[in-house]
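> give me coordinates for this.
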Amino acid sequence: MRQADKELKQQFEGKNVLLGVDDMDIFKGIHLKLLAMEHMLKEHPNWQGRAVLIQIANPPRGKGINLEEVQRET
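Numbers count the residues shown, from 1 in each chain. The predicted structure follows:
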């Protein structure tokens, strides 16, 4: 196991980890995922400190006219 993996495993031990991996140029709703997580934690405070969202946003693969809009959302 890589050192980085060990550190992440130790850091989040005993927690429910939600992992999001999205391309910025395809998925434009990363901000909605963050808002949903916030809403879930407000509605279910028993999950506070127990649930962790790790969001990875891959760089855009191409140049599109909506690239600036996507980058503003994240």
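> looking at this, Q55 is in a helix?
No: counting by DSSP: H, G, I helix; E, B strand; the rest coil, Q55 is not found in a helix; it is strand.
> got the contact list for A57?
22-24, 30, 74 (CB atoms under 8 Å, 6 or more residues apart in numbering). All C-beta atoms are positioned from the backbone trio N, CA, C, and that covers glycine.
> from L32, how far out is F12?
23 Å (CB to CB, to the nearest Å).
> what's the nearest residue to the most centrally placed residue in the chain if we skip its chain neighbours?
In the chain, the centroid-proximal residue (CA atoms, centre = their mean) is Q55; its distance is 1.9 Å. Residue nearest to Q55 in three dimensions, not counting chain neighbours: G20, with 4.5 Å by CB to CB, 6 or more residues apart in numbering.
> I would like the residues contacting whichever strand or helix holds that neighbour, please.
Take DSSP states H and E as the rule and G20 turns out to sit in strand 16-23. When contacts are defined by CB under 8 Å, 6+ apart, strand 16-23 is touched by residues 30, 33, 37, 47, 50-58, 60-61.
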